[in-house]
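[1] Provide a 3D model corresponding to the input given below.
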Amino acid sequence: MDCRPEWSPSVTEPVNFQLNADVIARQSDAPIRVVYVMGAGRSGSTVLDTILNNHEDVIGVGELVHLFIEGSAAKENCSCGEARDTCEIWSSVRERWAELTGLSSITEHERLMTKFTRVQRLAIPEWHRLRAGNPDPDFAECLKQTHATYQAIADATGKRVIIESSKNPLRAKLLCLTPGLDVRLVHLVRDARGVAWSRMKPFAKSKEGGVPQDIRPKPIHISAGYWLFMNFLSEQVRKAFPNQPSTRIHYEDFVSNPAQTLKEIGEVAGLDYSTVANRLLAGDPMAPGHLYAGNRVRTAGPIKLRSDMAWAEKLTPGQKRLTWLLAGYKLRQYGYERQPATESPEANAVDNSIRNAA
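    Next comes the predicted model:
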């Protein structure tokens, strides 16, 4: 069994990727732009991240929050197909992060992330810890190490725009408070019934399939409460930082009119996504890039954007009623209807890998 420290530069396998010292020197003082996707899980964030990654000026990293979990590098593959602990991009990021922080282990940063961004119960203590001017020495250290993470990614990839889809709203708040980051917020919403249906499906552990551990099905009432809470927190982050460029998009709108949704995201991100939109409309597959973590669809190779309304057929009438009873008031606020429009036969012909991904 390999017991080498996951983050120790001295034991990392050599890679061919070399950091460009001149580029690093020129860009070290410029803010790093982070386009952060927040909201409830199973809302299509990995699909969105993959597509946004296909802009030539950005690097999509997926659920970066998993980067600082002990042993995470050995549990899954990068979306490029390589093991995360041997992928040249993430090997370079780990080495550069260690140089910037002077740390060879992620243990301390994992503790800080838990203290400030763990979403549990009502997350009230964590929310109040995340405030400008917090005198806690841990907070200053957390901000320093957080900036080092994005600086390491920028240095290792040459990209100054990073797309992250960790979804955790507390992490979004942390990033907005981190000096040296130019954060843009995307609140991604999917119909709660679609989220509930996705969370009802179990998945067996598979490193190659992008499932780090067995996933058990979640009951409807738990998923409805989770959906409400994560979207509430996302709204609070946008309210807390009114000067941060932000938008709220619906996954259903994204799949039905990707050009308009990408235009909205592009306006927030300061990027022109028209070329990517044209490729999507032409049916071109989107390369998965180097997403560190996320839904298992990221390991399935290039994807095409497709609709998914399987929940309308798969959920029982009772399950639909319960979800609406619990989350209907918020669904109405977001523009959803109790009886969704029936999809066309073409929209119902959904590729199974994408149907399970959202």
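[2] Go ahead and name everything in contact with whichever strand or helix holds R111.
    R111 is part of helix 107-117 when elements are defined by DSSP states H and E. Helix 107-117 is contacted by residues 65, 68-70, 101, 103, 126, 129-130, 138-139, 141-142, 145, 168, 170-171, 174 when judged by CB atoms under 8 Å, 6 or more residues apart in numbering. From N, CA and C alone the C-beta is placed, and that goes for glycine too.
[3] What of stretch 228-241?
    The contact list for stretch 228-241, computed with CB under 8 Å, 6+ apart, reads 38-41, 119, 122-123, 127, 167, 169-170, 172-173, 176, 183, 185, 187, 189, 192, 244, 246, 248, 326-327, 330.
[4] Flag every buried residue along it.
    Using 16 or more other CB atoms under 10 Å as the test for burial, stretch 228-241 gives 228-231, 233-235, 237-238, 240-241.
[5] pLDDT on it, on average?
    Average pLDDT, stretch 228-241: 98.
[6] Check stretch 340-350 too.
    In this model, stretch 340-350 carries a mean pLDDT of 47.
[7] out of the buried residues of stretch 228-241, what pair is the most spread apart?
    The widest separation within the buried residues of stretch 228-241, taken as CB to CB, falls between L228 and F241 and amounts to 21.4 Å.
[8] May I have the phi/psi pair for L174?
    Backbone torsions for L174, taken as degrees, to the nearest 10, come to phi -60, psi -40.
[9] any idea how far the residue lying closest to G60 once chain neighbours are set aside lies from D29?
    Leaving aside its sequence neighbours, G60 sits nearest to N53 (CB to CB, 6 or more residues apart in numbering; 2.9 Å). Distance of N53 to D29, computed by CB to CB, to the nearest Å: 26 Å.
[10] now swap in P258 and tell me
    P258 is 36 Å from D29, by CB to CB.
[11] So which of these two has more stuff around it?
    More crowded of P258 and D29, by other CB atoms under 10 Å: P258, with 19 against 7.
[12] if I pick the more buried one, what's in contact with it?
    Counting by CB under 8 Å, 6+ apart, P258 touches 51, 277, 280-281, 305.
[13] Can you give me the pLDDT of it?
    96.
[14] what's the spacing between it and Y334?
    19 Å.
[15] Check A132 too.
    Separation of A132 from Y334 (CB to CB): 30 Å.
[16] Compare the two and say which is more crowded by neighbours.
    Y334 (14 against 7).
[17] pretty sure the more buried one is touching H250, no?
    Yes: contact between Y334 and H250 holds when scored by CB atoms under 8 Å: they sit 7.0 Å apart.
[18] Mind listing the shared neighbours of those two?
    V189.
[19] Now do the strands in the stretch 201-350 of the chain.
    Remark: strands assigned in the stretch 201-350 of the chain by DSSP state E, counting those that start in this stretch are 246-250.
[20] In it, where is pLDDT below threshold?
    Counting by pLDDT under 70, the low-confidence segments of the stretch 201-350 of the chain come to 202-215, 341-350.
[21] how about a cut-off of 90?
    Within the stretch 201-350 of the chain, the ranges that satisfy pLDDT under 90 run 201-217, 288, 293-309, 340-350.
[22] and I220, how many residues sit next to it?
    I220 is flanked by 22 other residues according to other CB under 10 Å.
[23] wait, I meant S166
    For S166, the count of nearby residues is 25 (other CB under 10 Å).
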